[in-house]
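Novice: give me a model of this one.
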Amino acid sequence: MPSNWFKHVHVNAGKQFIGKVNMHFAYDGFTQDGNRRCFLFRASEDHTSAPSFSIEVDLELLLKNQVSMQEAPLFCLNLLTDASLDKPGSLDRLRSYTLVGDDFKQLHVERQREAAERLSKKATRKPIRRHSNTSNVHLGSPSNSPYSRVTREPGKIV
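Specialist: Residues are numbered from 1 along each chain as shown. Next comes the predicted model:
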């Protein structure tokens, strides 16, 4: 028996492009049947009513592609937004759609790009500077300070 968890979280994913319609999507929640979850969205073009969309995904596919349950609606929203900005008719295929492995390719490319950026930032770090020979700080060895030679013997005041 599928369970319905409807949240009315409105997500504004519209972007205005010259000659394109400004599309907005509202996340209406999801239904779940076993290990398949169906995310529901409503669309509106310039504040007029438009069709609804349902994007179904196998939870194992999310796990395999390292997409958390909390990020899954946003991932689907990005698919809808990209399709709405693409050539006319691209959005129609997502009215009732099941995610497949190829849908995650762009996500993997983005993750690889971010990993490469992080790696390049690590390489540009400045090395740790050592103290100069004239410094009075000597790590791991006794100090040349006259105070380090003071020893206390019982009964003597130094």
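Novice: ok, residue 58 - contacts?
Specialist: Residue 58 is in contact with 35, 36, 99, counting by Cβ atoms under 8 Å, 6 or more residues apart in numbering. All C-beta spots, glycine's among them, are computed from the backbone N, C-alpha and C.
Novice: buried ones in the lengthiest helix in the chain?
Specialist: For the chain, the longest helix by residue count, based on DSSP state H, is helix 105-123. Buried residues in helix 105-123, counted by 16 or more other Cβ atoms under 10 Å: none are found.
Novice: so what's the residue count around the residue nearest to residue 65 when sequence neighbours are not counted?
Specialist: Excluding the flanking residues, the one nearest residue 65 by Cβ to Cβ, 6 or more residues apart in numbering is residue 104, at 4.4 Å. As a burial measure, residue 104 scores 18 neighbours (other Cβ atoms under 10 Å).
Novice: from residue 51, how far off is residue 104?
Specialist: Distance of residue 104 to residue 51, given as Cβ to Cβ, to the nearest Å: 25 Å.
Novice: surely residue 104 meets residue 66?
Specialist: No. The pair residue 104 / residue 66 is not scored as a contact, 9.2 Å apart, by Cβ atoms under 8 Å.
Novice: where do the strands of this structure begin and end?
Specialist: 3-5, 9-11, 23-33, 36-45, 48-58, 96-98 (DSSP state E).
Novice: rank the ones you listed by mean pLDDT and give me the bottom one.
Specialist: Least confident of the strands of the chain, judged by mean pLDDT, is strand 3-5 with a mean of 30.
Novice: just to revisit the earlier point, to residue 79, which of the strands of the chain lies closest?
Specialist: Closest of those to residue 79 is strand 48-58, at 6.8 Å (criterion: Cβ to Cβ).
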